[in-house]
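In: below are the sequence and a predicted model; questions follow.
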Amino acid sequence: MAETLPFQAEVRQLLDLVVHSLYSDRDIFLRELVSNASDALDRARLLALTQTDLRPAEGEPHIELSVDKERGTITVRDNGIGLTRQQTVDHLGTIARSGTKDFAKALREKGNSAEGLIGQFGVGFYASFMVAHKVEVHTLSAEPGAEPVLWTSDGGGEFILEPGSRDTRGTAVTLHLRSDSTEYLDTWKLKDIVKRHSAFVAFPILMDGEKLNEQQALWTRDPAEVTEDEYKGFYKQAMHEWQEPAAWLHFRAEAPLEYQAILFFPTERAFDLDYPDAKRGVRLYQRRVLIQEASDQFLPRYLRFVKGVIDAPEVSLNVSREILQQTPVLRSIRAQVVKRVLRRLKELGRDDVAAYTKFWETFGATLKEGVAEDRENVEGITPLLRFRSTAGDEWRDLATVKAEMKEGQKELWYLAGTDLGRMRASPQLEAFRKKGWEVLLLSDPVDEWVVMNLTEFDGVALKSVARGELENEDDPIADEARKHAEPFAAWVKELLGDGVVGVRPSRRLTDSPSVLVDEGNVSSNMERILRSTRQGGGPKATRVLEINPEHVLVKRLVALHGEGNVADAEPLARLLLDYAQLAEGHVEDVVGLTSRLSALMLRAAGG
Ligand code: ADP
Ligand code: MG
């Protein structure tokens, strides 16, 4: 007997969009059905490796298209894994993905331009309703004991399940075309779509006895003979991607270790890239037979955005053939693959700055994890890093910054913070601005940690402009002026108590009266980051207040203090700390500051 079941709310939302929106490229529904058929064949092959009691397929694995002009239907058939009754409910009635929420969110954000979402979020099957007013799925699972099922829906809120009549394993999806979609009854059109969108499907696609695809394993071909369009087509069809790849690499290693790979850098972050339980990795083949859909053994976590295939016949599998064994073969393939990926990115950075910039802005944060995670390849990763700097608005790489170091400059300098605009205006940079030295501006919260893991680049130390006492030749501030201000500085320290660990005359200021400097290992930037991520704070930064003895205000204060006029000097001296905090954008004692300011304003107004 038939049973009517509701679609999950997200599916209803999606269907509503699919049925009622206009798409510029409705042809893609066929690509989605063919790709599902191909997945079903792959799954059957994978499962057969470990499960011996599966219902055997009738004939060789294949996909077949047919048209019934009288009934106005087209059908996509496969002899793959099929679906059990429960699976039709789970897979065709819901979006059974951890990304469902993201999908619903993206749907709300992108509104009618949802075309790109189909495929990106794995909702391909529902694309059928772009062209069909009714869809039937006749299926029989390869699982022993499974019963045939007929799933039917008109794309409204519900679907109907009833006993089916198939007696061989596999699935046939029949679309009853809408009156505005009868062009798909034309077999020429269907063949053309398959040739354009499904050329790289690994199983034969048949229509009227003709084979429509070549089933070439692109990775086995000579890279010199593969065209750009073929790589892009392969990426979209075999990797189920919507966008074009940003770049790719294709290599074939022979003796002593044989393997082939095509790896792609996507243009956009997958919505689940940072989900801890997301399936990720490359597709593993052994002599063109798919072994694993997502093998995470070949690339480290910080390269988890890389997509592609690796054909590695010599990698050994465990008894259940599901897990790769950690063997020297696997380890050495992995080591080589990582090096090639890093080298390819370095090339991209050198040859196509615009593409690399886009890549960096998309995946840089992930790639940076490698500096700490993969000490072995740090030398391959550092040339890929990009930073903002005082040299302009462009991204800078360390080699360029090093090459353009000024005379007398011994270190690569950086300033860590959260707000690029505020950092550019920071008093910390005054001495550097005067000398014309470039300072890297680390505005990503992980940057400072990355740089601390590096400590040096190509023999040059990386150093914070905000830490410790500067010791440069040609300081902007004369030694005598500093000496003269020392008693005053000691007095300010007493005044401020534990608010700072010290007060000293500065070597780094030109225009500002005061600035705060880090002393210990924990910088104030890090303290703030830790405070925002951990409950109860974490380690505290230790900070020194530096004063500029050549600033008019400080000179006046030194004089007042020298005359013993502590009453007049005190409120202004306290403001030196307020000033330094304000410049960083983080005032601790707001109440104290406002009361000091109002007292000062009153005095200035002659009150
Ligand atoms: P995706 O292919 O990304 O999983 P789809 O919406 O295209 O998403 O398909 C949903 C699910 O329906 C598939 O994951 C699969 O479980 C099932 N399915 C669709 N078509 C077939 C088929 N021809 N054979 C077996 N299962 C299928
Ligand atoms: Mg699909």
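Out: It's in. Ligands and ions are numbered 1, 2, ... in the order given.

In: how about the nearest residue to whichever residue of the chain sits closest to ligand 2, chain neighbours excluded?
Out: Residue nearest to ligand 2 within the chain: residue 124 (3.5 Å; Cβ to the ion). (C-beta placed from N, C-alpha, C; glycine too.) In this structure, residue 124 finds its nearest non-sequential neighbour in residue 32, 3.4 Å apart by Cβ to Cβ, 6 or more residues apart in numbering.

In: make sure the one you found is indeed in a strand.
Out: No: Residue 32 is assigned helix when assessed by DSSP: H, G, I helix; E, B strand; the rest coil, not a strand.

In: burial measure for it, as a count.
Out: If you count neighbours by other Cβ atoms under 10 Å, residue 32 ends up with 24.

In: do I have it right that it meets residue 127?
Out: Yes: using Cβ atoms under 8 Å, residue 32 is in contact with residue 127, at 4.7 Å.

In: checking residue 489 next. Helix, strand or coil?
Out: Applying three-state DSSP: residue 489 is helix.

In: model confidence for it, exactly?
Out: With respect to pLDDT, residue 489 scores 96.

In: what does the closest residue in space to it that isn't next to it in sequence show for phi and psi?
Out: Leaving aside its sequence neighbours, residue 489 sits nearest to residue 503 (Cβ to Cβ, 6+ apart; 4.5 Å). Main-chain torsions, residue 503, degrees, to the nearest 10: phi -130, psi 130.

In: quick one on the thing from earlier: roughly how far does the residue nearest to residue 124 sit from residue 166?
Out: Taking Cβ to Cβ, to the nearest Å as the measure, residue 32 and residue 166 are separated by 21 Å.

In: give the rounded mean pLDDT of stretch 150-166.
Out: Stretch 150-166 shows a mean pLDDT of 96.

In: ligand 1 contacts on this protein?
Out: Counting by Cβ under 6 Å from any ligand atom, the positions of the chain adjacent to ligand 1 are 32, 36-37, 39-40, 78, 80-83, 91-92, 122-125, 171.

In: of those, keep whichever come out buried.
Out: Buried members of the residues of the chain next to ligand 1, scored by 16 or more other Cβ atoms under 10 Å, are 32, 36-37, 39-40, 78, 80-83, 92, 122-125, 171.

In: please flag which of the residues you listed sit within helices.
Out: Among these, DSSP state H puts 32, 36, 37, 39, 40, 92 in helices.

In: could you pick out which of the residues you listed are near ligand 2?
Out: On the criterion Cβ under 5 Å from the ion, residue 36 are the entries of those that sit beside ligand 2.

In: just name the closest of the ones in helices among the buried ones among the residues of the chain next to ligand 1 to residue 146, please.
Out: residue 40 (13.8 Å; Cβ to Cβ).

In: show me this structure divided up by domain.
Out: 3-211, 218-355, 386-464, 476-606 (automatic domain parsing).

In: any idea how far apart the tips of stretch 129-143 sit?
Out: 29 Å (Cα to Cα, to the nearest Å).

In: what's the average pLDDT for it?
Out: When pLDDT is averaged along stretch 129-143, the result is 96.

In: could you give the bridge partners of residue 309?
Out: Going by DSSP bridges, residue 309 is paired in beta bridges with residue 262, residue 283.

In: how near is it to residue 508?
Out: Separation of residue 309 from residue 508 (Cβ to Cβ) stands at 54 Å.

In: for ligand 1, what is the nearest residue in the stretch 401-550 of the chain?
Out: Of all residues in the stretch 401-550 of the chain, residue 446 sits closest to ligand 1, with a separation of 32.1 Å (Cβ to the nearest ligand atom).

In: residues in contact with that residue?
Out: 365, 368, 369 (Cβ atoms under 8 Å, 6 or more residues apart in numbering).

In: repeat that for residue 450.
Out: With contact taken as Cβ under 8 Å, 6+ apart, residue 450 is in contact with 368, 371, 372, 385, 442.

In: now that we have these, which of them are buried?
Out: By neighbour count, with 16+ other Cβ under 10 Å, those hold 368, 371, 385, 442 as buried.

In: residue 313 contacts residue 289, correct?
Out: No: using Cβ under 8 Å, residue 313 makes no contact with residue 289, being 9.5 Å away.

In: common neighbours of the two, please.
Out: Joint contacts of residue 313 and residue 289 (Cβ under 8 Å, 6+ apart) do not exist.

In: and residue 170, what are its bridge partners?
Out: residue 140.

In: that one: neighbour count?
Out: A count of nearby residues for residue 170, using other Cβ under 10 Å, gives 29.

In: so it sits right up against residue 82, yeah?
Out: Yes: counting by Cβ under 8 Å, residue 170 does reach residue 82; the two are 5.4 Å apart.

In: where do the contact lists of those two overlap?
Out: Common neighbours of residue 170 and residue 82 (criterion: Cβ under 8 Å, 6+ apart): 40, 139, 140.

In: export those residues as TSV, with columns for distance to residue 293.
Out: Below are the shared contacts of residue 170 and residue 82 laid out as TSV (distance: Cβ to Cβ, whole Å):
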residue	distance to residue 293
40	13
139	21
140	23
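
In: out of these, who's nearest ligand 1?
Out: Looking across the shared contacts of residue 170 and residue 82 and measuring by Cβ to the nearest ligand atom, the closest to ligand 1 is residue 40, at 3.3 Å.

In: quick one: the closest one and residue 81 touch, right?
Out: Yes: counting by Cβ under 8 Å, residue 40 touches residue 81, with 4.9 Å between them.

In: give the residues shared as contacts by these two.
Out: Residues touching both residue 40 and residue 81 by Cβ under 8 Å, 6+ apart: residue 170.

In: which element, helix or strand, includes residue 14?
Out: helix 9-20 (DSSP states H and E).

In: measure how far that helix is from the centre of its chain, please.
Out: How far helix 9-20 lies from its chain's middle: 28 Å, per Cα atoms, centre = their mean, to the nearest Å.

In: and if you look at stretch 249-264?
Out: Worked out by Cα atoms, centre = their mean, stretch 249-264 lies 25 Å from the chain centre.

In: can you give me the end-to-end distance of that stretch?
Out: 7 Å.

In: and that stretch, what's buried?
Out: Those would be 249, 250, 259, 260, 261, 262, 263, 264, for stretch 249-264 by 16+ other Cβ under 10 Å.

In: what mean pLDDT does it have?
Out: So the average pLDDT for stretch 249-264 ends up being 93.

In: show the contacting residues for residue 468.
Out: 517, 518, 519.

In: pretty sure residue 251 belongs to a strand, no?
Out: Yes: assigned with three-state DSSP, residue 251 falls within a strand.

In: need the contact list for it.
Out: 223, 260, 261, 340.

In: do the same with residue 442
Out: Counted by Cβ under 8 Å, 6+ apart, residue 442 has contacts 387, 388, 414, 415, 416, 417, 448, 450, 451, 525.
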